[in-house]
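Peer 1: Mind looking at a prediction? Sequence and model below.
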Amino acid sequence: MKYLPCVEMEAGAAGAVDSAVIWLHGLGADGHDFAPLVPQLRLPEGVRTRFVFPHAPKMPVTINGGYVMPAWYDILEMSIDRRVDVAQLSASSEAVQGLIQRELDAGVRSERIVLAGFSQGGAVAYEAGLSFDKPLAGLLILSSYLATRDSIALHAANRKTPILIEHGTRDPVVPEALGAAAYEWLREKGYAVRYQTYPMEHGVCPQQVGAISEWLQERLKKG
């Protein structure tokens, strides 16, 4: 199988990798975007984690005048509901699930794999994680939205997977209302979801990194 190209880093204790975090960047960025955060995440003692930061393919993006850039899918219009190319989003989701399977094939249990995504990457993380047929350690969704809630094939394997949604209250790119709407939709369906906001725009702030660190430590600690 041909996998997405990735930036990969291993962090934590010496020895074989026992967990993985697959982290998807936003529109126009690449896999290097979140790699600098790894040293700040303070993994639990005794844990060795592979961080996988895939690069999205390059494609024309309608809302940016057809300019070709790294994107997980085309955004057709910037309405509050974000009309997107669902087929492209689904293809990106399948490619990300391929990376999850690669970790499984390498001996990492699914319950030790976290899927994270920022903005566009978060929309793909929702689709890939909630439809995956094995339980994951958690979903981390940053400044994003649930673009495929009308079409996603939810799988029972991840009904109890912890989900953390974080969003900026001043976000001019993905309005905070979209993050809140995803939270309410998931909560109503019985998912174990938490929602946190920060007084920031479309990005990541220092206090947020601390919260992400705490959440990841809880997800990746050994039982």
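Peer 2: Right, received. Where do you want to start?
Peer 1: When you work out contacts or count neighbours from here on, use the C-alpha atoms and nothing else.
Peer 2: Noted.
Peer 1: Can you give me the neighbour number for the closest residue to Leu140 other than its chain neighbours?
Peer 2: Sequence neighbours aside, Ala116 is the residue nearest to Leu140 in space, at 4.4 Å (criterion: Cα to Cα, 6 or more residues apart in numbering). Residues contacting Ala116 under the criterion other Cα atoms under 10 Å number 26.
Peer 1: Partner strands of the one helix or strand Ala116 maps to, with direction?
Peer 2: Taking DSSP states H and E as the definition, one finds Ala116 inside strand 113-118. Partner strands and pairing direction for strand 113-118 (DSSP bridges) are strand 19-24 (parallel), strand 138-142 (parallel).
Peer 1: On the C-terminal side of the longest one, identify the next helix or strand.
Peer 2: Yep, that's strand 19-24 we're talking about. Using DSSP H and E, the first helix or strand after strand 19-24 is strand 48-54.
Peer 1: What lies in contact with that following strand?
Peer 2: Strand 48-54 is contacted by residues 4-25, 30-32, 34-35, 38 when judged by Cα atoms under 8 Å, 6 or more residues apart in numbering.
Peer 1: I'd like the average pLDDT over it.
Peer 2: For strand 48-54, mean pLDDT rounds to 97.
Peer 1: counting contacts, what elements does the following helix or strand past it pack onto?
Peer 2: Heading C-terminal from strand 48-54, the first helix or strand you meet, by DSSP H and E, is strand 58-61. The helices and strands touching strand 58-61, judged by 3 or more Cα pairs under 8 Å, 6 or more residues apart in numbering; DSSP states H and E, are strand 67-70.
Peer 1: so what strands line up beside the strand it packs on?
Peer 2: Using DSSP bridges, the strands paired with strand 67-70 are strand 58-61 (antiparallel).
Peer 1: Now do the buried residues in the strand it pairs with.
Peer 2: Under the neighbour-count criterion of 16 or more other Cα atoms under 10 Å, strand 58-61 has 60-61 buried.
Peer 1: now do stretch 89-104
Peer 2: Neighbour-count burial for stretch 89-104, counted by 16+ other Cα under 10 Å, picks out 89-90, 92-101, 103-104.
Peer 1: Stretch 24-42 now?
Peer 2: So, applying 16+ other Cα under 10 Å, buried residues of stretch 24-42: 24-27, 30-31, 34, 41.
Peer 1: just to revisit the earlier point, may I see the strands paired with strand 113-118 organised as JSON lines, with distance to Gly46 added?
Peer 2: Output for the strands paired with strand 113-118, formatted as JSON lines (distance: least, Cα to Cα, whole Å):
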{"stretch": "strand 19-24", "distance to Gly46": "11"}
{"stretch": "strand 138-142", "distance to Gly46": "19"}
